[in-house]
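Q: Please work out how this folds:
(chains A and B)
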Protein chains: 2
Amino acid sequence: MNKTAIAEVLAAVKAQGRTSLTAPEARTVCEACSIAVPKEGLATSAKQAAMIADEIGYPVVMKIVSPEILHKTEAGGVIANLTKAAEVRAAYKTIIGNAKSFAPDAHILGVQVQQMIGGGHEVIVGALTDPSFGKLAAFGMGGVLVEVLNDVSFRLAPAGREEALSMINEIRAAEILRGVRGAAAANQDALASMICSVSQLVHEFPEISEIDLNPVFAGPQGAVAADVRIIVNFNPPAAPFRPSQDEILKAMNRIMRPDSIAVIGASAEDGKIGNSVMRNLIDGGYQGEIYPIHPRLDEVLGKKAFRSVKDIAGSVDVAVFAIPARAVAAALAECGEKGVAGAVLIPSGFAETGNQDLQDEVVKVARQYNIRLMGPNIYGFYYTPKNLCATFCTPYDVKGKVALSSQSGGVGMAIVGFSRSTRMGVSAIVGLGNKSDIDEDDLLTFFEQDDHTQAIAMHFEDLKDGRAFAEAAMRVSRRKPVIALKAGRTAMGARAARSHTAALAGDDRVYEDVLRQSGVVRARSLNDMLQFARCLPMMPTPRGENVVIITGAGGSGVLLADACTDWHLQLMAMPPDLDEAFKKFIPPFGASGNPVDITGGEPPTTYRNTIALGLEDERIHALILGYWHTIITPPMVFANLVAEVVEEYRAKGVNKPVVASLVGDVAVEEASRHLFDHNIPAYAYTTELPVAVLGAKYQWARRAGLI
Amino acid sequence: MNKTAIAEVLAAVKAQGRTSLTAPEARTVCEACSIAVPKEGLATSAKQAAMIADEIGYPVVMKIVSPEILHKTEAGGVIANLTKAAEVRAAYKTIIGNAKSFAPDAHILGVQVQQMIGGGHEVIVGALTDPSFGKLAAFGMGGVLVEVLNDVSFRLAPAGREEALSMINEIRAAEILRGVRGAAAANQDALASMICSVSQLVHEFPEISEIDLNPVFAGPQGAVAADVRIIVNFNPPAAPFRPSQDEILKAMNRIMRPDSIAVIGASAEDGKIGNSVMRNLIDGGYQGEIYPIHPRLDEVLGKKAFRSVKDIAGSVDVAVFAIPARAVAAALAECGEKGVAGAVLIPSGFAETGNQDLQDEVVKVARQYNIRLMGPNIYGFYYTPKNLCATFCTPYDVKGKVALSSQSGGVGMAIVGFSRSTRMGVSAIVGLGNKSDIDEDDLLTFFEQDDHTQAIAMHFEDLKDGRAFAEAAMRVSRRKPVIALKAGRTAMGARAARSHTAALAGDDRVYEDVLRQSGVVRARSLNDMLQFARCLPMMPTPRGENVVIITGAGGSGVLLADACTDWHLQLMAMPPDLDEAFKKFIPPFGASGNPVDITGGEPPTTYRNTIALGLEDERIHALILGYWHTIITPPMVFANLVAEVVEEYRAKGVNKPVVASLVGDVAVEEASRHLFDHNIPAYAYTTELPVAVLGAKYQWARRAGLI
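A: Down below sits the predicted model:
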């Protein structure tokens, strides 16, 4: 990339106070970063135009060049398909005339004479600036059809070659670019390299807010950008607050694993939030120091109370706020003087109710004293390894491997209820509310190094700093599954989010692609997020793509196979020897192949033998079991034998994901619970959910590069 | 339609033993049913070709005409874009030469000279013969893009004008035909009329198995079919067995509501199927006569036994078979002689294990004696209004409004288990298995007039006679929701279905469109089918599209709004007066609009007042409630107040669908059950499911033409 040439162009644009580049400027920029553009020249007379056209070769297209005329077609400033010198001369005069009458004061630099490019496939390559994710590369098919179908892919810029190739191959119409109906394939390398160049360009020159190569003609030989539009912004918004990873960790470790907690607004009075928080800290079994702060009382719930955090002798890691919004800033300053690491701001009445100023004031105090803020407008947080319930909700103490966060309190309560109901073990549940400071990337950075956490599930309505999130998620998801439920993914939902937490939900296609690029597993619904959180940590990582269904219910087998397609799971093509091996265990009228249909009337040994074979054979990477309730193999007999055989193989070091769908009378519910207790996701009356959780595990493993 | 002209063409094709029409024949057929085609003539010399071209006007395209050459392009038999007489003369010679060397023995009738059509939008109009649904009309965009995206719509032929218009408007690229980027819109009336003509043609002349107008050029003035391909089949498969509606009803009423039942293979021995059936009949409380049939015993479980049904004095409505497959035919003949209306064939060992012949033999006996067969390879059936459990599964006795059927036994058991677990009231559960005779349309016809049934949910892997199903469903779904779970909707699922019940799963896009056309609500998963079956009968039919969300949890509101989009529910644009009215009940920092966010800390009165307003105001047609667990309004308080206010308005004659999503600690589960007991679908920890069941109700109501 010839950075000097680009910088010169941009400096000139800035000096002239413009927000867009002229065509010749855009061409210079393209040439400086090796983006192929049509041959062309700038003519300032009809005669010169014809000479240039003769040199380029026909046909040519001619376009007005004027900094004031951005939409050239509207100004009558474009004439295409000119096939001889006489036509070019005439066109020159027409264009100049049109431009003058369209914008009499416009400064006309001349008329561009350009080689007409056509043939190959018409595509669009571009880059833009997203308010949350920053610079993004974009790719789509050109033409009216795909414009209607909105078939575009995005990636964080700068995009590498692999990313660029995946952008090309993931649009719905990708098959066309590979060549169908005898048409030549587009040169994918040339296209990928154009995407890389564009994304590198906006990365190196952030003042370029938008670049649009449209159309690009991509044939077997290469790709040429027939038209280029570049928009600049020399006054970008202020960079978001981004502490270093070390700073985040230092603070988050004190906040999430504190040795001492102050409760600002602790109360002895039942029904008060400051009372619930105190009770939950004490009843939850937190072993660190608890300091109630109260203006008058000497003791709250048996703990010595203080007038101010400043009166506490020892150090204080976290202050939980249970006082009205308007009193927060002053108390926070005292925390700052005390050296408190983090403030958990339960109170509402800030940005979510329109009081942005009050929130800004609190943030300002926090920055001044280097205090990290959780909230405001939250239920608080749980961290079970420390028996810590810093919240006004009910205590929760089932320890386990998954950490969850929610932007909304309601969703937080659903997490607690679901966890209790399903006995899901969690390491943490965190409310983020208005996210005035601490947000998802801070949590990810903490959970990444938290040995108690093996998976992270997050509900959010927006990402205040999507770029920071993506960077953290990309790093964390390679080791631990990150699950996201993005609320406000539809227009109606986005509108609701705006009125709920003033969240700017953003373009959902951008979220979709960036979450994928970041290795995040995306849940489509609240229940899916909860089920994924519950199941992903209990399943081992599959070693490959070969999934086998073993079912006693042929009907379940069909539905399980449908669900596998929905979740992009590959039913293994059964090798003949393996097919024979399965056949030995199943009745002659059972169906081998995949699903392996052992039929309904079989005794426990048939389930046992086929499942053992599925675990034993190294070519199989995951098992989906379909159980059908019969007198011969009752539900609990099935559950026990599955738990046993899976554990037997685990003991031998064979650890494959196994999930089960149970159909039958109500006893299958207890059997499902038993299987869950043995770390085997198992569901009654649904063929979809067991496949969904396995599908989510695969999605994560693929995105993390583990398969 | 000029039927005589068409019949003449077809007679000639038949006489010559051909399976396709020549271009001139196809043209004659098109003209006979007013399908516009390009001007053209048949030339048998180069000179004549030029004369025809001069008359038509240029450009022209020329095509070889030979019954033996179907793929003209491959044979070098097509030359396009000829712009003058000399070119036409030369092309004639080239085409004849190419054809002769491609197929030296081909009978060459000449060369067609045709007006070249272009411009407008390129679309495809056609009709085909589906093995299950019979004649179908098809519509799609032409060109490579949509071929890749498979963007086609289908309808049962003959399609009416409304259906044809909906076909045009329902493809994903429909927007293009309405005119985008300044392009002219296609003439929808002309296209619809072309679809109608084609579908009428195959309807009137069933020997036409396929017709393909591709491409059709559709502009603002009209639509012209540039190429026509017609395939015929004078040896169609035998028509399926189709008793009249009266015959179906007469038999099904005796079968489903029998006064007497014989159990062929009744057994006193525990663990035998013939024992389970006897027990379930007796324990289930069936009040009709039960006649055990046993070769030796005089009594089975306290009931007098008979050697043969023929020995029974009274009449017998139904015989339940619990004997091995090979013994069925003989026993069935005896049932025939006795005048039994229906045989419930529990045994397996027929087509599903490859024994198609044995099954055919049984069907033959049944036809001979006019006995209807349920099965074989089934669990039997339940009909609760008669306390009838004619099955070897566990008895089920919770009476209610929904009838369910399943092709698979496993799915049948899931229905029983789910029903018991959720206390879902059912009228019937029927196993259809191999569907050698009775299938979904027979059941639909029975349930249509069964006052105990208000909704029908069906699981199937194929439809043996999709046309009969569609016709019955179209009729029934106008009065009672029909819900379908089509298993084998993916390629992997279809393969599994083939090996499971030898079902031919068919093209899923055809199922999708025909189910929609038939007014059927399609469930995507087993659990969805069960939830829809549970909820649709308990919800009143909405009177209009205006849905309002009232939520205590803003976060739930966002997710509920997302789910509304997924289910095509319209969040009402809140009129200012109504907005003001809601505002009076909610705190100033709550959000009016839609969702109405009453905020989390509110007392029961706020929920009550806003819900009452939602029920009261006639502009609102359905309510979605989002509850957030708080100390101020605990779960059961919420559940009770909602049940009360909804019942209060029901008593006043205001009956709107109300569904609820509850987030909070485990007490929300009991609250959800309480709401379900009051006919209000309510779910804990999910924002998706309550919206899904409401969405399904809306889908039904729209397809039934009730909104």
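Q: Excluding chain neighbours, what is closest to residue A:113?
A: Excluding its sequence neighbours, the residue lying closest to residue A:113 (C-beta to C-beta, 6 or more residues apart in numbering or on different chains) is residue A:52, at 4.4 Å. All C-beta spots, glycine's among them, are computed from the backbone N, C-alpha and C.
Q: Report the mean per-residue pLDDT for whichever strand or helix holds that neighbour.
A: Using DSSP states H and E, residue A:52 sits in helix A:46-56. If you average the pLDDT over helix A:46-56, you get 94.
Q: contacts for whatever helix or strand comes next after it?
A: Next helix or strand after helix A:46-56 toward the C-terminus (DSSP H and E): strand A:60-65. For strand A:60-65, the external contacting residues (C-beta atoms under 8 Å, 6 or more residues apart in numbering or on different chains) are A:22-24, A:42, A:49, A:53, A:72, A:75, A:77-82, A:88, A:91-92, A:95-96, A:98-99, A:108-116.
Q: Run a quick neighbour tally on residue A:485.
A: 28 (other C-beta atoms under 10 Å in any protein chain shown).
Q: residues contacting it?
A: A:411, A:457-460, A:522-526, A:528-529, B:559.
Q: got a pLDDT number for the residue in the stretch 151-300 of chain A that chain B sits nearest to?
A: Residue nearest to chain B within the stretch 151-300 of chain A: residue A:175 (4.7 Å; C-beta to the nearest C-beta). For residue A:175, the model assigns a pLDDT of 89.
Q: Could you do residue A:118 as well?
A: On the pLDDT scale, residue A:118 gets 72.
Q: Now it: phi and psi?
A: Backbone torsions for residue A:118, taken as degrees, to the nearest 10, come to phi -160, psi -170.
Q: Against chain B, how distant is it?
A: Computed as C-beta to the nearest C-beta, to the nearest Å, the residue A:118 to chain B distance reads 16 Å.
Q: Could you do residue A:454 as well?
A: Residue A:454 is 22 Å from chain B, by C-beta to the nearest C-beta.
Q: Quick check: phi and psi at that residue.
A: Given degrees, to the nearest 10, the pair of backbone angles that residue A:454 has is phi -110, psi -10.
Q: swap in the one 5 residues further on?
A: Backbone dihedrals for residue A:459, given as degrees, to the nearest 10, come out at phi -100, psi 130.
Q: I'd say it and residue B:555 touch.
A: Yes. Counting by C-beta atoms under 8 Å, residue B:555 is a contact partner of residue A:459 at 7.3 Å.
Q: okay, now the domains of chain A?
A: Chain A breaks down by automatic domain parsing into domains covering A:3-115, A:121-232, A:245-536, A:540-703.
Q: Save the ones you listed as a markdown table, and put in distance to residue B:30 too.
A: Listed next are these as a markdown table, based on distance: least, C-beta to C-beta, whole Å:
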| stretch | distance to residue B:30 |
| --- | --- |
| domain A:3-115 | 36 |
| domain A:121-232 | 25 |
| domain A:245-536 | 43 |
| domain A:540-703 | 40 |
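Q: hang on, the residue nearest to residue A:113 packs against residue A:44?
A: No. If you go by C-beta under 8 Å, residue A:52 and residue A:44 don't touch, sitting 10.5 Å apart.
Q: For residue A:279, what is the enclosing helix or strand?
A: With DSSP H and E as the criterion, residue A:279 is inside helix A:273-284.
Q: Restrict whichever helix or strand comes after that helix to CA atoms and write it as PDB.
A: For helix A:273-284, the following helix or strand on the C-terminal side (DSSP H and E) is strand A:289-293. Taking Å, rounded to 0.1, in the frame of the first residue of the first chain, the C-alpha atoms of strand A:289-293 are listed here in PDB:
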ATOM      1  CA  GLU A 289     -15.800  -8.800  55.500                       C
ATOM      2  CA  ILE A 290     -19.200  -7.200  55.200                       C
ATOM      3  CA  TYR A 291     -19.400  -3.500  56.100                       C
ATOM      4  CA  PRO A 292     -22.900  -2.000  56.300                       C
ATOM      5  CA  ILE A 293     -22.900   1.800  55.600                       C
END
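Q: Which elements pack onto strand A:289-293?
A: strand A:260-264, helix A:273-284, strand A:303-304 (3 or more C-beta pairs under 8 Å, 6 or more residues apart in numbering or on different chains; DSSP states H and E).
Q: Quick one: closest of these to residue A:446.
A: The closest of these to residue A:446 is strand A:260-264. By C-beta to C-beta, the value is 17.0 Å.
Q: Give the other helices and strands that that closest one contacts.
A: Right, strand A:260-264 is packed against helix A:273-284, strand A:289-293, strand A:318-321, helix A:328-338 by 3+ C-beta pairs under 8 Å, 6+ apart.
Q: so the last one versus strand A:260-264, what angle?
A: Using axes from the mean of the first three to the mean of the last three C-alpha atoms, to 10 degrees, the inter-axis angle of helix A:328-338 relative to strand A:260-264 is 150 degrees.
Q: Quick check, central residue of chain A?
A: residue A:515 (2.2 Å; C-alpha atoms, centre = their mean).
Q: ok, now which ones touch it?
A: Going by C-beta under 8 Å, 6+ apart, the list of residues near residue A:515 reads A:473, A:484, A:486, A:522.
Q: Please tabulate those residues in TSV and include neighbour count and pLDDT as additional columns.
A: Output for those, formatted as TSV (neighbours: other C-beta atoms under 10 Å in any protein chain shown; pLDDT from 0 to 100):
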residue	neighbour count	pLDDT
A:473	26	98
A:484	22	98
A:486	25	96
A:522	19	97
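Q: Now intersect the residues you listed with the strands, please.
A: Cross-referencing the contacts of residue A:515 against strands under DSSP state E gives A:484, A:486, A:522.
Q: Out of the contacts of strand A:60-65, which sit inside strands?
A: Per DSSP E, the subset of the contacts of strand A:60-65 in strands is A:42, A:78, A:79, A:80, A:81, A:82, A:110, A:111, A:112, A:113, A:114, A:115.
Q: Specify the beta-bridge partners of the nearest residue to the first one once chain neighbours are set aside.
A: Okay, so that is residue A:42. Distances taken as C-beta to C-beta, 6+ apart place residue A:110 nearest to residue A:42, at 4.8 Å, with adjacent residues excluded. Note on residue A:110: beta-bridge partners residue A:65, judged by DSSP bridges.
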